[in-house]
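Novice: Okay, here's the prediction I keep looking at, along with the sequence it came from:
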Amino acid sequence: MAIMIQPQSVGIVVPQKARFTEPLPLRSGGTLDDYELVYETYGTLNATRSNAVLVCHALSGSHHVAGTYAGDAGSTGWWDNLVGPGKPLDTRKFFVIGVNNLGSCYGSSGPSTVNPATGKLWGADFPFVTVEDWVESQARLADRLGIERFAAVIGGSLGGMQALSWTLQYPERVGHAAVIASAPKLTAQNIAFNEVARQAILTDPDFHGGHYYEHGVVPARGLKLARMVGHITYLSDDAMAEKFGRSLRHGKAVYSYDVEFEIESYLRYQGDKFAGFFDANTYLLTTKALDYYDPAFEHGGNLNAALARATANFLVVSFSTDWRFAPERSREIVYALLHNRRNVSYAEIDSAAGHDSFLLDDARYHALLGAWFDRIEV
Amino acid sequence: MTSYRYDYEVITQWIEPGEKVLDLGCGDGDLLKHLMQVRQVQGYGVENDPDKLLASVRSGVNVIQMDLEKGLVGLEDGFFDHVIMSLSLQAMQNTQGILREMLRVGREAVVSFPNFGYWRHRQSILNGRMPVSESLPHQWYNTPNVRFFTIADFDALCEMNGIAVHERLAFDEGKLVLEEPNFLASVAVYRLGRIS
């Protein structure tokens, strides 16, 4: 047991960039010949390089997992409550890495970066990337950093799919895997939500076939709608009822299409905010990566067979009110691991916050992750 | 419940090295850890109490959160060599259902429970009070137990449900009881199988 200290922030962090010029073959066919990955690290890699933990991000996440940027107090990382000295993923013990995935809009090569071959922005020409491709690129970054084997790979939602995929693509390189609020594949309903989001973007007149940068516009309306749909599915019915209920801005109906119910205001605000900084092409690519992920597909749909390759020690976590990545989906992973006699623990955390729960610092959830990381020998 | 765990020794003797073992209501994972150490079992615990689940993770055993009242849905037929339920059966509503499930996913089931027919318990009732003892440590108003049964009751249930009693050991606070177990034993440990 580590000495208890008051949980602290990792402090000021600086992102780093790595360029790769060895072609990366992609599942969608073709290659990325020249690409960059932006990443951050927290803590210190030990002498035996055995204490590295990879944090995989979800749809709108990035490499900026923890800490803040100099001069920007509001720039706290997206999983700062988990990562830091004295936190469940303790940077006094572990060397933690956050990588921005290919296709993202936070600095790694993606639609909004320059295609080195043409000197122009990639735009819609950026190739489809999959969870498996991300793992390949992350493995190359690990090579670059001299990390042969991760003590653990952890991720929530789409990040959980990457953690799972790591254990299948590189079983010998992953000691432990935490798959949180995730699924072995999306359901038809889940893909349906993604499709509505994509159609909102694709049919926005400002989309211009994905080459909107050249036109000096962004498909903000489409992206806003996409985020609004997504946001509904990340919250639980109960959480939404508790937070907004049927509260009316004017105290009564005024028979207008402007904001009346507070939930409308909230969704519009979230949508506008998101459309102000996120890239529509990235949203399209990333939702497709979610849809495509299905490790059982090449095993005739047999997840037991698909997970036979995994050798890591697993922690699978779901949240009671998460209906986008429901506990049932997590249990499918657990049963398949059990079938293969793998080490696995599974917790279903009682939480009112729906899918977003995995980002919150629920005491029980974090105690569990802390206990699990505490057991990992480095 | 404190260290009222001599049933562990009996259970351990019934487990062969390297077996696949499922421990229902594994608590802080003590028994599984013991079985992993002395029998090198591939062990999994089931627990629905978040604090106990956390304790199991802390002690480094595999633990799956599951509500036993809903059975062992998702676990494969005959997957485990032994399915254990140590001193928890009396706290379950779905007694017959869980016994059926244990023998579905396990080759054998191992069950231990406090014997309500123990003479001290009978004496207590004769004196007009609900029994409180080492094996029934709670008061009537805060007990987690919902089923109160005797060794004789359990034997009858097994017969009624076509469950084979392969072995039964009974104890009076740690000492083996050979005669009149339903009267003299505070705890019974059973090794159960399917009647083939």
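Specialist: That came through, no problem. On a predicted model such as this, the values are computed, not experimentally measured, just so you know.
Novice: ok, the closest residue to residue A:279 other than its chain neighbours - how many residues close by?
Specialist: The shortest distance from residue A:279 to any non-neighbouring residue, by Cβ to Cβ, 6 or more residues apart in numbering or on different chains, is to residue A:105 (3.5 Å). In short, each C-beta sits where N, CA and C put it, glycine included. Using other Cβ atoms under 10 Å in any protein chain shown, residue A:105 has 21 other residues around it.
Novice: how about residue A:105, what does it touch?
Specialist: Residues counted as contacts of residue A:105 (Cβ atoms under 8 Å, 6 or more residues apart in numbering or on different chains) are A:111, A:112, A:278, A:279, A:281, A:282.
Novice: For it, give its distance to residue A:251.
Specialist: Going from residue A:105 to residue A:251 by Cβ to Cβ, to the nearest Å gives 40 Å.
Novice: swap in residue B:166?
Specialist: 71 Å.
Novice: Settle it for me: which of the two has more neighbours?
Specialist: Counted by other Cβ under 10 Å, residue B:166 and residue A:251 do not tie: residue B:166 has more neighbours, with 13 against 7.
Novice: Quick check, that one in contact with residue B:195.
Specialist: No - between residue B:166 and residue B:195 there is no contact under Cβ atoms under 8 Å: 10.5 Å.
Novice: hey, which helix or strand in the chain has the poorest pLDDT?
Specialist: Using chain A. Lowest on mean pLDDT, DSSP states H and E among the helices and strands of chain A sits helix A:237-243, with a mean of 92.
Novice: for residue A:48, what are its contacts?
Specialist: Shown in contact with residue A:48 (Cβ under 8 Å, 6+ apart): residue A:378.
Novice: what's the answer for the one 4 residues further on, then?
Specialist: By Cβ under 8 Å, 6+ apart, residue A:52 lies in contact with A:45, A:94, A:95, A:96, A:97, A:142, A:145, A:147, A:149, A:150, A:151.
Novice: which strand residues sit across from it in the sheet?
Specialist: Per DSSP bridges, the residues bridged to residue A:52 are residue A:95.
Novice: Now that we're looking at it, what pLDDT does it have?
Specialist: The model reports residue A:52 with a pLDDT of 98.
Novice: distance of it from residue A:39?
Specialist: According to Cβ to Cβ, residue A:52 and residue A:39 sit 12 Å apart.
Novice: same thing with residue A:232?
Specialist: 32 Å.
Novice: Name the residue in these two with the higher neighbour count.
Specialist: It is residue A:39, of residue A:232 and residue A:39, that has more neighbours when counted by other Cβ under 10 Å, with 23 against 16.
Novice: What parts of chain B come near chain A?
Specialist: Contact residues (Cβ under 8 Å from any Cβ of the partner chain) of chain B with chain A: B:20, B:42, B:44, B:50, B:53-54, B:56-58, B:60, B:62-65, B:74-76, B:79.
Novice: Check the gap between residue A:33 and residue A:209 for me.
Specialist: Remark: distance between residue A:33 and residue A:209 (Cβ to Cβ) = 23 Å.
Novice: Between the two, which is the more surrounded one?
Specialist: residue A:33 (13 against 8).
Novice: excluding its backbone neighbours, what's nearest the more buried one?
Specialist: Nearest residue to residue A:33 in three dimensions, chain neighbours excluded: residue A:23, at 4.6 Å (Cβ to Cβ, 6+ apart).
Novice: and that neighbour, what is it in contact with?
Specialist: Counted by Cβ under 8 Å, 6+ apart, residue A:23 has contacts A:31, A:32, A:33.
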